[in-house]
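**Q** Whatever this is, show me its structure:
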Amino acid sequence: MRVLRLFSLFFVLLLGVAAQNCGGVKKITVRGFVIYADSTLAPGAAVRTDPLSESVTSNTDGSFTISEGLAPGVYDFIAEIEGREGRMKVPLQYSKKNQNIFIKIGATLEMTPLQLGEKWVPTVSKGKKR
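**A** Numbering: from 1, shown residues only. The predicted model follows:
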């Protein structure tokens, strides 16, 4: 009887490890801040992604966290406040689980790869005024 319990426990643990290695529990979380063009924080901004995942509102310190509905791929993170928007295009991978980004109101930024390594550098273009 005791051997059967130990075998059952071992089997359950083995299934948990297998599920983790097969991607069953992998999750990508993006944390960031919404800022104005003068680099002051933008609390209360609506933040969403394209393609769509979780939509959130930035906290009183301009911070936000999106962790639902993200899978590997390229996403536009869009912040809107006071009729203006800012965008940040970000490639997401499971190997980079916790990504930190800034969305600048009035600007469109894109994270692009450098030739060497896996560093990403933002490039700037003008944002859209609504």
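
**Q** pLDDT below threshold where in this protein?
**A** Scanning the chain for pLDDT under 70 picks out 1-25, 95-98, 112-130.

**Q** repeat that for 50
**A** Along the chain, segments meeting pLDDT under 50 span 2-21, 23, 114-125, 127-130.

**Q** What segments of it are helices?
**A** Using DSSP state H, the helices found in the chain span residues 2-21.

**Q** Would you map the strands across it?
**A** In the chain, the segments counted as strands under DSSP state E are 29-35, 46-50, 56-57, 63-66, 73-81, 84-92, 98-104, 107-113, 120-126.

**Q** Now do the fifth one: which elements does it pack against?
**A** When you say that, I think you mean strand 73-81. If contacts are counted by 3 or more C-beta pairs under 8 Å, 6 or more residues apart in numbering; DSSP states H and E, strand 73-81 sits against strand 29-35, strand 46-50, strand 84-92, strand 98-104. For the C-beta atoms, the positions are set from N, CA and C on the backbone; glycine is no exception.

**Q** Nearest to residue 75 among those strands would be which one?
**A** For residue 75, the closest of the helices and strands packed on strand 73-81 is strand 46-50, at 4.7 Å, according to C-beta to C-beta.

**Q** how far off strand 98-104 does that closest one point, in degrees?
**A** What separates the directions of strand 46-50 and strand 98-104 is an angle of 110 degrees, with axes from the mean of the first three to the mean of the last three C-alpha atoms, to 10 degrees.

**Q** so what's residue 92 up against?
**A** Residues in contact with residue 92 (C-beta atoms under 8 Å, 6 or more residues apart in numbering) are 28, 30, 70-75, 99.
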